[in-house]
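Asker: What follows is a predicted structure for the sequence shown.
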Amino acid sequence: MLLHFTKMHGLGNDFMVVDLVTQRARLDSHQVRELADRHFGIGFDQLLLVEPPRHPDMDFRYRIFNADGGEVENCGNGARCFARFVLDQRLTRKRELKVETSGGPLTLKVGSDDRITVEMGTPVLEASQVPFEAKHDGPKHQLRLDTPIDGIEQVEFGVVSMGNPHAVLLVDSVATAPVATLGPVLESHRRFPNRVNVGFMEVVDRRHIRLRVFERGVGETLACGTGACAAVVTGIQQGLLDQRVEVELPGGRLTIEWPGEGHQVVMTGPAEKVFDGRLEL
Ligand SMILES: N[C@H](CCC[C@H](N)C(=O)O)C(=O)O
């Protein structure tokens, strides 16, 4: 059976996007891992599935699978590619879409300048809902490492859920941040029951941060949309940032806005198509 797909990326966070509105296919986690492989497969950070909605007030269902085969709740860069894809594939003519994800509803808006704005939902700040096993309340949490890493014995971070779990650490410079060593240790730490995406944030000024993210189930990516949202929310909670912030990631820039608790986080950025492909399943 032939399966058509499109390879896309948002600032270098790359995706295999599959239309399961006009096609029918079932991919198990083993197949996702094989397809994600950058040598023996197609190669991607996440697989995005476009499905018919389950709720009448939604336009589509949006499902996300990490390269390790696990299904996750949200993907911001993927949401922008989703909006571009459904328009390009003529699955809709609407330039404002409501999509359902397992992390909650998102609103996608395709601008005239081809930048795409996503209402990413309201961040969840209660540690137990992220989930994170916190020792106390408050915007900063501490964790003592089982084994020191690069001389680091204890780390401090904010925790936020954007539907998916994030831990955000402040660093002096993203260039020297211990992403490859500390990232995997925190990603799978026992105090994060569902594991966690780990962000390393450098505050340039109140309207500009640099960010690197070690993603749950993937590793370091060139960009992470939900990670950018989580970092800005953490920075605002800690009194370091204004409500509109330019987030500079290795793959490029996103604009993130958050008016404060109880409000949605709004992300704006690009989405690119690389190629169309066909797969013999
Ligand atoms: N790259 C995605 C994040 C995927 C999140 C995934 N790594 C998880 O396990 O939550 C983004 O742009 O938001």
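Answerer: Received, thanks. This structure is a prediction, so every number in the text was calculated from the model and none was measured.
Asker: Strands of the stretch 1-150 of the chain, residue ranges please.
Answerer: Secondary structure of the stretch 1-150 of the chain (DSSP state E, counting those that start in this stretch): strands located at 2-10, 13-19, 46-51, 60-66, 71-72, 96-101, 104-110, 116-119, 141-149.
Asker: so can I have a markdown table of the ones you listed showing mean pLDDT and mean neighbour count?
Answerer: For glycine as for every other residue, the C-beta is placed from the backbone atoms N, C-alpha and C. Listed next are those as a markdown table, based on pLDDT from 0 to 100; neighbours: other CB atoms under 10 Å:
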| stretch | mean pLDDT | mean neighbour count |
| --- | --- | --- |
| strand 2-10 | 98 | 20 |
| strand 13-19 | 98 | 24 |
| strand 46-51 | 98 | 22 |
| strand 60-66 | 98 | 23 |
| strand 71-72 | 98 | 20 |
| strand 96-101 | 98 | 19 |
| strand 104-110 | 97 | 19 |
| strand 116-119 | 98 | 22 |
| strand 141-149 | 96 | 13 |
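Asker: Using a markdown table, lay out the ones you listed together with distance to residue 83.
Answerer: Formatted as a markdown table, the strands of the stretch 1-150 of the chain follow (distance: least, CB to CB, whole Å):
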| stretch | distance to residue 83 |
| --- | --- |
| strand 2-10 | 10 |
| strand 13-19 | 11 |
| strand 46-51 | 10 |
| strand 60-66 | 10 |
| strand 71-72 | 19 |
| strand 96-101 | 6 |
| strand 104-110 | 4 |
| strand 116-119 | 5 |
| strand 141-149 | 34 |
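Asker: What ranges does this protein have for its helices?
Answerer: For the chain, helices defined by DSSP state H occupy the ranges 29-36, 76-88, 179-187, 225-237.
Asker: Among these, pick out the one with the most neighbours on average.
Answerer: Comparing the helices of the chain by mean neighbour count (mean count of other CB atoms under 10 Å), helix 225-237 ranks first with a mean of 29.
Asker: quick one on the thing from earlier: any chance of the helices of the chain in CSV, plus mean pLDDT?
Answerer: Formatted as CSV, the helices of the chain follow (pLDDT from 0 to 100):
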stretch, mean pLDDT
helix 29-36, 98
helix 76-88, 98
helix 179-187, 98
helix 225-237, 98
